[in-house]
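A.B. asks: Any chance you can model this:
(chains A and B)
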Amino acid sequence: MAEQARKTLEERAQMTDLERLRHSCAHVLASAILRIWPDAQLAAGPPVDSGFYYDMELDHRISPEDFERIEAEMKKVVKENQKFERIALSRQEALEMAKSGKLGGLSERSEPSKFKLDILENIPDDEEISIYQNDEFTDLCAGPHVGFTSKCKAYKLMNVASAYYKGDSNNPQLQRIYGTAFPNKTELAAYLEQLEEAKKRDHRKLGRELELFTIDEEVGQGLILWMPKGAVVRQALQDFISEELAVQGYSQVFTPHIGKLDLYRTSGHYPYYQDSQYPPVVDRETLKGLADEGCGCAELSNRLEAGEIDGYLLKPMNCPHHIKIFAATHHSYRDMPVRLAEFGTVYRWEMSGELGGMTRVRGFTQDDAHLFCTPDQVEGEIIGCVNLVKKVLTTLGIKDYRVRVGLRDSDSTKYVGEPENWDRAEQSLRNVATTLQVPFTEAPGEAAFYGPKIDFLVKDVIGREWQLGTVQVDYNLPERFDLSYIGSDNESHRPVMIHRAPFGSMERFVGVLIEHFAGHFPTWLAPEQVRVVPISEKYHEYAETVLAKLRELKGLRVTIDTASEKVGAKIRLAQLDKVPYMILIGAQEEESKQVSIRHRNRGDLGAKDLSTFLEDVESEIRERSL
RNA sequence: GCUCAUGUAGCUCAGGGGUAGAGCACUUCCUUGGUAAGGAAGAGGUCACGGGUUCGAAUCCCGUCAUGAGCUCCA
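C.D. replies: Reported below is the predicted structural model:
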């Protein structure tokens, strides 16, 4: 990937002060590890967004219980105030050092430092080789570092994980120790505090507490069960999108959740992406016949692949179904573009280690649409799609996002479609991205083989980045399905497809949204918008009449709390449930025929006429205020 | 899928080779209280599942499943 291309020495030298500190901490960690386990084979130890890590191969399985010991050893290294010294040396000298085990070690060892040797062999010939030395520890390293180990005074080992050497799953798995570091203890404490705070917003925790969704083992991994309150949020979001679709001239369609294998043979998704699909569904009679023939699983799989047996696939995407709707009628250039939208549920067999909460699941509903347009319409449609994504993010107050434009590799022939069309589409995406006024990166090589795309990425509470909205141009599927429209020249032409999903998927989007709002959904999205709280049983009757009037505002989600509790407890409960408005009803209200309003964030708002409150809430919901 | 960790009541967790604990939530009763926790009683668990060691396993061992972190992957 271009974003991870090998950095030049100059780029490395541009490390920020914090990165430099963390990089040095990684060396301190390595020194400590080697003092405890001299045989450790070190790989690489760079700074990262949240701290630093060091990868190593070691027979001893490091567990968090070892951290105390390792940190104590690190503390000694820091106290010794060792000098970080840069030494430039020849390739030959470095190789000798690695072979002797001294490089990436404390002294010469019986085994060569194999990872350091491998790294050395991959350093371009024209690049200068340097090592960094602090006390007896020597590491192959381009630097830079802080001057002395004493600068590393605020660090903490965070967790241990595993990573493939060089990120390639064919390579051995190494133990990776993650740590974080800051210039001083105050900043470190603040960061750890912030991490604790972030955990409270985790959508998995809030999803359970607020009863938004659940995942049940017996139903299956990665399959989201939307509970009543979560369903309200989702429905409100879908209604919002549906309104915009009507404005932008989309047509809504519905399609089934499965399709025949042949459909995916035509689209090219079967058998090539089999690993990420639920296995095909084969009808009972066919299965029985095969069983009678003594056909085993492997044989079944082969014959499915060869197309000798038919079956159905849970749909891994909605495109083929929409394409068939497009293809069901003749099209003239006059009725292009055709925009087909559907909240379409798809199923993908994600690897089990990848699943988590609502953000990575095996069944999800895309707010999907496919636009069939003439080549001339592509740019205009891209603009429309991107504006929709922008509107969604703006309405929800999501400002902290990143835009990535996925383009072709410079030198590849793996792409389908005319290069001129690609040039135009890529330029259109670029143009649109610049008008967004948010940072965007161009990512060569990130394009799909079938077309360039633009993705919107946001971070979750623990800093992981998720792709939400996406707009992708597709030159491939119209070809494979032989789609056409009649142009003004009375000739048949190939349309261009655009796939787009402003939310991405309802599951992932709501997951990210829960964290974005920390569960405090704006009134228009809140599962429960108003709660009537009678002060005591004496006022239940009046409270019920207030409730009835509130319910006259159609669609207002309002409940009443008639529990035999004191007001304080009822308010606490409503606060914990994150209900935007509480209406208190007691003697004063019954007397004055008003209601006392409390807002979950703004506190006591005093007494108001019920009609005034209703007008305010109605407009707040209509405007989708934050 | 891989590495490591974790799995005890609805939730948060304590305990730990001798037969199950707390707080919150829940049910009932008392209380009728004005802006974040009134009181009492009760009910609730094959300690994830399967196998092994043992006189005895929730506890130790192995396997499976699930969850978490990271890696890899994401048409």
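A.B. asks: only C-alpha atoms for contact and neighbour calcs from this point on.
C.D. replies: Will do.
A.B. asks: what's stretch A:297-317 in contact with?
C.D. replies: The contact list for stretch A:297-317, computed with C-alpha atoms under 8 Å, 6 or more residues apart in numbering, reads A:257-262, A:270-271, A:277-283, A:286, A:290, A:345-348.
A.B. asks: I'd like to know which elements the host helix or strand of A:Glu342 is packed against.
C.D. replies: Taking DSSP states H and E as the criterion, A:Glu342 maps to strand A:338-347. Applying 3 or more C-alpha pairs under 8 Å, 6 or more residues apart in numbering; DSSP states H and E, we find strand A:338-347 packed against strand A:251-252, strand A:363-373.
A.B. asks: what angle do the longest one and strand A:338-347 make?
C.D. replies: Spelled out, that is strand A:363-373. Counting by axes from the mean of the first three to the mean of the last three C-alpha atoms, to 10 degrees, strand A:363-373 lies at 160 degrees to strand A:338-347.
A.B. asks: quick check, stretch A:305-316 touching RNA strand B?
C.D. replies: Yes: Stretch A:305-316 is in contact with RNA strand B by C-alpha under 7 Å from any atom of the strand, via A:Pro316.
A.B. asks: List the buried residues of that stretch.
C.D. replies: Using 16 or more other C-alpha atoms under 10 Å as the test for burial, stretch A:305-316 gives A:Glu305, A:Ile309, A:Asp310, A:Gly311, A:Tyr312, A:Leu313, A:Leu314, A:Lys315, A:Pro316.
A.B. asks: Show me how far it is from its chain's centre.
C.D. replies: 30 Å (C-alpha atoms, centre = their mean, to the nearest Å).
A.B. asks: if we can go back for a sec, filter the contacts of stretch A:297-317 down to the ones close to RNA strand B.
C.D. replies: Restricting the contacts of stretch A:297-317 to those near RNA strand B - C-alpha under 7 Å from any atom of the strand - leaves A:Gln277, A:Arg348.
A.B. asks: Just the buried residues out of the contacts of stretch A:297-317, in PyMOL syntax.
C.D. replies: In PyMOL syntax, the buried subset of the contacts of stretch A:297-317 is picked out as below (16+ other C-alpha under 10 Å):
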select buried, chain A and resi 257+258+259+260+261+262+270+271+277+278+280+281+282+290+345+346+347+348
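A.B. asks: Spatially, which two of the buried residues of stretch A:305-316 are the most separated?
C.D. replies: Greatest spatial distance in these: A:Ile309 and A:Pro316, 19.8 Å, computed using C-alpha to C-alpha.
A.B. asks: Just say which of the helices and strands packed on strand A:338-347 is most tucked in.
C.D. replies: Neighbour counts (mean count of other C-alpha atoms under 10 Å) averaged over each of the helices and strands packed on strand A:338-347 peak at strand A:363-373, with a mean of 24.
A.B. asks: Check the average confidence over that strand, would you?
C.D. replies: The average pLDDT for strand A:363-373 rounds to 96.
A.B. asks: which strands and helices sit next to it?
C.D. replies: Going by 3+ C-alpha pairs under 8 Å, 6+ apart, strand A:363-373 lies up against strand A:338-347, strand A:496-501, helix A:506-517.
A.B. asks: so which of these comes closest to A:Gly294?
C.D. replies: Of all the helices and strands packed on strand A:363-373, it is strand A:338-347 that lies closest to A:Gly294, at 30.3 Å by C-alpha to C-alpha.
A.B. asks: that older thread, what about the contacts of stretch A:297-317, which are in helices?
C.D. replies: Among the contacts of stretch A:297-317, the members falling in helices (DSSP state H) are A:Leu261, A:Asp262, A:Thr286, A:Leu290.
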